[in-house]
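Peer 1: Sequence first, then the predicted structure:
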Amino acid sequence: MRRRSQLRVVANEAVGPYSLIRVERGDIDPGVPGQFFMLEAPGRVLPRPMSLCQAPAGELAFLLEAIGPGTRAIAAVEPGDEIHVFGPLGNGFRLDVEKPLLVGGGIGVAPFPYLSEQLNGPPAILGFRSDWHAEAAALVPNAEVVVEPTLVTELLIEGQDVLACGPEPMLEAVHKIAPKAQLAWEAPMACGYGACYGCSVEVDGVLQRLCVAGPVLEEAA
Ligand code: FES
């Protein structure tokens with residue numbers, strides 16, 4: 001069940017250019033991999049959506065890339081600070097798959113450590129724009145790593161149950177090769193629970209709120 005809690009930051013670790021923020025779990029349910037949480041830094045009004053990266057005992061960990069004022073404020077938290085966490089929200093990955101293959105790009109690898117743990121360490125193909133960004137691959141067991149200009153789709157083979165998360169062009173390319181892939185999409189989200197319509201995307205000609213219908217969809221958005 002989703003809850004909103006103020007949680008104490010345990011650690012803020014650099015992973016390449018990304019920040020791994022670990023907070024005490026409190027009474028928050030970690031949910032299903034691919035679900036997300038709204039994180040609100042101290043003194044900020046607008047929360048930001050983050051998928052859960054790791055769920056060690058008693059903690060929740062989020063991997064984020066500081067790309068704007070909201071994410072920069074979250075990336076600046078220090079141990080002992082308190083942040084608001086609301087979730088789990090949305091629909092995560094279906095885990096009843098026979099031959100899972102995780103396919104991710106950039107900060108899209110964020111849900112994979114938790115997903116990999118739940119699926120007993122399946123193979124993964126991860127793509128990054130530089131060796132520095134690729135340091136995040138160390139969080140995902142059994143990962144094959146490619147760095148641009150090589151693309152993850154160059155290593156995709158048929159006959160796998162693909163679970164993918166990453167930038168839109170990557171997801172569209174994965175969908176062409178693996179039409180049944182589960183795809184975790186990203187969209188700007190203001191509320192996270194269906195109230196603001198800020199996350200609307202068109203799926204098969206129908207507008208859907210990604211925070212409610214997704215983030216994981218089995219069709220191309
Ligand atoms: Fe508000 Fe989806 S984020 S409706």
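Peer 2: On my side now, so go ahead.

Peer 1: C-alpha only now, for contacts and for neighbours.
Peer 2: Will do.

Peer 1: and stretch 22-31, how far out from the chain's middle?
Peer 2: 16 Å (Cα atoms, centre = their mean, to the nearest Å).

Peer 1: mind checking the end-to-end distance for it?
Peer 2: Start and end residues of stretch 22-31 are separated by 16 Å (Cα to Cα, to the nearest Å).

Peer 1: mind listing what's buried in that stretch?
Peer 2: Using 16 or more other Cα atoms under 10 Å as the test for burial, stretch 22-31 gives 22, 23, 24, 25, 28, 30, 31.

Peer 1: lowest-pLDDT helix or strand in the chain?
Peer 2: Of all helical and strand segments in the chain, the minimum by mean pLDDT, DSSP states H and E falls on strand 200-203, at a mean of 83.

Peer 1: That one pairs with which strands, parallel or anti?
Peer 2: strand 206-209 (antiparallel) (DSSP bridges).

Peer 1: how about the partner strand: buried residues?
Peer 2: In strand 206-209, counting by 16+ other Cα under 10 Å, buried: 208, 209.

Peer 1: Just give the nearest non-adjacent residue to residue 129, would you?
Peer 2: If you skip the residues right next to it in sequence, residue 129 has residue 148 as its closest partner in space, 5.1 Å away by Cα to Cα, 6 or more residues apart in numbering.

Peer 1: same question, residue 187
Peer 2: residue 199 is the one closest to residue 187 (Cα to Cα, 6+ apart), at 5.4 Å.

Peer 1: And the residue nearest to residue 129, how close does it get to the ligand?
Peer 2: Here residue 148 is placed at a distance of 31 Å from the ligand (Cα to the nearest ligand atom, to the nearest Å).

Peer 1: For that residue, list the residues it contacts.
Peer 2: Counting by Cα atoms under 8 Å, 6 or more residues apart in numbering, residue 148 touches 127, 128, 129, 130.

Peer 1: Mind giving me the packing neighbours of the one helix or strand the first one maps to?
Peer 2: Secondary structure assignment for residue 127, by DSSP states H and E: strand 124-128. Helices and strands touching strand 124-128, by 3 or more Cα pairs under 8 Å, 6 or more residues apart in numbering; DSSP states H and E, are strand 100-105, strand 143-147.

Peer 1: got the CA positions of the shortest one in CSV?
Peer 2: The C-alpha trace of strand 143-147 is given here as CSV (Å, rounded to 0.1, in the frame of the first residue of the first chain):
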residue,chain,number,x,y,z
ALA,A,143,25.5,-7.2,-17.3
GLU,A,144,27.1,-6.8,-20.8
VAL,A,145,27.9,-3.2,-21.3
VAL,A,146,28.0,-1.1,-24.5
VAL,A,147,29.1,2.5,-24.8
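
Peer 1: so which strand or helix has the residue nearest to residue 51 when sequence neighbours are not counted?
Peer 2: Nearest residue to residue 51 in three dimensions, chain neighbours excluded: residue 36, at 4.0 Å (Cα to Cα, 6+ apart). For residue 36, the host element (DSSP H and E) is strand 36-40.

Peer 1: Give the rounded mean pLDDT of that strand.
Peer 2: Mean pLDDT, strand 36-40: 95.

Peer 1: what about the lengthiest helix in the chain, distance to the chain center?
Peer 2: When the chain is parsed with DSSP state H, its longest helix is helix 168-177. With Cα atoms, centre = their mean as the basis, helix 168-177 stands 17 Å off its chain's centre.

Peer 1: Give the partner strands of whichever helix or strand comes after it in its sheet and their orientations.
Peer 2: Downstream of helix 168-177, the first helix or strand assigned by DSSP H and E is strand 182-184. In the sheet, strand 182-184 lines up against strand 161-165 (parallel), strand 216-217 (antiparallel) (DSSP bridges).
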